[in-house]
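Undergrad: okay, sequence plus prediction incoming.
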Amino acid sequence: MKKKILNLKQFHKLNNLYLKKMKKDKVLQKKALDVLIRADKYRWVHKSTWLGAPLLNLPEDMFQIQEIIFNTRPDYIIETGIAWGGSALFYASILNLIGGKKFIGIDIFIPSRVRKLINKNKILKNRIKLIRGSSIDKLIVIKIKKLIKKSKKVLIILDSNHTHDHVLKELELYSNFVAKGQYLICGDTIINDIPVQNHRKREWNKEKNPQTALNEFMKKNPNKFKVDKNISFRLLFSTQPRGYLVSKK
């Protein structure tokens with residue numbers, strides 16, 4: 001019997017059909033969340049690396065972000081919180097492939113090891129700009145404005161201090177860089193969905209976290225952004241459910 005081969009249009013149509021079905025599978029979504037909660041005891045989210053540097057995010061989220069980068073073609077990617085530099089190298093790699101300009105990372109602490117690792121990479125080092133300081137410092141924001149000039153194609157990823165007040169301030173400041181059709185990603189909204197993590201103490205909790213900040217921001221700016229719900233349902237494992245926002249204007 002001859003095997004039937006789907007064309008690309010049929011392939012995407014079939015994928016979308018099953019995505020609609022998966023959206024309704026509440027049992028599956030709960031089981032996926034249970035896996036994330038249990039696996040966090042073993043620091044599962046910290047197991048991946050990119051070009052030798054730790055990535056403090058799930059591979060599924062990183063792969064989703066590369067798809068956003070490919071589809072929206074930003075000139076600049078701005079990330080608050082760079083940790084060990086894995087995400088900086090990852091995003092710069094994708095920018096290099098699509099012809100983007102620069103990754104800009106902001107953090108209050110940038111280990112010398114991170115700078116050395118980036119400077120060793122002859123292909124990517126000129127596409128990466130690291131800025132030491134608070135992401136909500138007005139002088140830092142002014143510096144970023146000068147770097148990106150008047151670019152309308154900017155992707156924002158907020159992944160630094162996850163307290164309500166800090167994230168809300170980041171949302172208010174960095175949303176101004178995002179033009180219509182571009183994305184703003186609010187990291188670690190999953191904190192709102194999980195129990196208190198006794199195995200590692202944090203300043204944030206279920207009452208005050210990135211999701212509560214995002215809820216307040218969206219209430220104040222109902223016409224500015226919308227949550228990309230297809231992404232929210234598509235990613236069974238994600239540290240930022242409901243955190244993928246696309247600009248409406």
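TA: Received it, and whenever you're ready, just let me know what you need. Numbering: from 1, shown residues only.

Undergrad: distance from the least confident helix or strand in the chain by mean pLDDT to the middle of the chain?
TA: Confidence across the helices and strands of the chain bottoms out at helix 229-234, with a mean of 86, counting by mean pLDDT, DSSP states H and E. Centroid separation between helix 229-234 and its chain, computed with C-alpha atoms, centre = their mean, to the nearest Å, is 14 Å.

Undergrad: quick check: buried residues in it?
TA: By 16 or more other C-beta atoms under 10 Å, the buried positions in helix 229-234 come out as 231-234. Every residue, glycine included, has its C-beta placed from N, CA and C.

Undergrad: contacts for that helix, please.
TA: Contacts of helix 229-234 from elsewhere in the structure, counted by C-beta atoms under 8 Å, 6 or more residues apart in numbering, are 19, 22-23, 64, 238, 241-242, 244.

Undergrad: inside helices: which ones of these?
TA: Among the contacts of helix 229-234, the members falling in helices (DSSP state H) are 19, 22-23, 64.

Undergrad: now, of the contacts of helix 229-234, which are buried?
TA: Buried residues within the contacts of helix 229-234, defined by neighbour count using 16+ other C-beta under 10 Å: 64, 238, 241-242, 244.

Undergrad: farthest-apart pair in those, please.
TA: Put simply, by C-beta to C-beta the two of the buried ones among the contacts of helix 229-234 set farthest apart are 64 and 242, 13.2 Å from each other.

Undergrad: quick check: neighbours shared by these two?
TA: Looking at what touches both residue 64 and residue 242 (by C-beta under 8 Å, 6+ apart), there is no common residue.

Undergrad: tell me where the protein has helices.
TA: Along the chain, counting by DSSP H, helices occupy 8-23, 26-39, 59-72, 86-98, 112-120, 138-148, 164-174, 210-220, 229-234.

Undergrad: what's the average pLDDT for stretch 75-95?
TA: With pLDDT averaged residue by residue, stretch 75-95 scores 97.

Undergrad: tell me how far the ends of it are from each other?
TA: With C-alpha to C-alpha, to the nearest Å as the measure, the first residue of stretch 75-95 is 8 Å from its last.

Undergrad: what comes up buried for it?
TA: Within stretch 75-95, the residues that count as buried by 16+ other C-beta under 10 Å are 75-95.

Undergrad: restricting to C-alpha, output stretch 117-132 in PDB.
TA: The C-alpha coordinates for stretch 117-132 follow below in PDB (Å, rounded to 0.1, in the frame of the first residue of the first chain):
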ATOM      1  CA  LEU A 117      33.300  33.200  27.700                       C
ATOM      2  CA  ILE A 118      31.500  35.700  25.400                       C
ATOM      3  CA  ASN A 119      34.700  37.400  24.400                       C
ATOM      4  CA  LYS A 120      36.200  34.100  23.400                       C
ATOM      5  CA  ASN A 121      33.400  33.600  20.900                       C
ATOM      6  CA  LYS A 122      34.700  35.500  17.800                       C
ATOM      7  CA  ILE A 123      31.500  35.100  15.900                       C
ATOM      8  CA  LEU A 124      29.000  36.300  18.600                       C
ATOM      9  CA  LYS A 125      31.000  38.700  20.800                       C
ATOM     10  CA  ASN A 126      30.200  41.700  18.600                       C
ATOM     11  CA  ARG A 127      26.500  41.000  18.700                       C
ATOM     12  CA  ILE A 128      26.400  41.000  22.600                       C
ATOM     13  CA  LYS A 129      26.300  44.100  24.800                       C
ATOM     14  CA  LEU A 130      26.200  43.500  28.600                       C
ATOM     15  CA  ILE A 131      25.200  46.300  30.900                       C
ATOM     16  CA  ARG A 132      25.800  46.100  34.600                       C
END
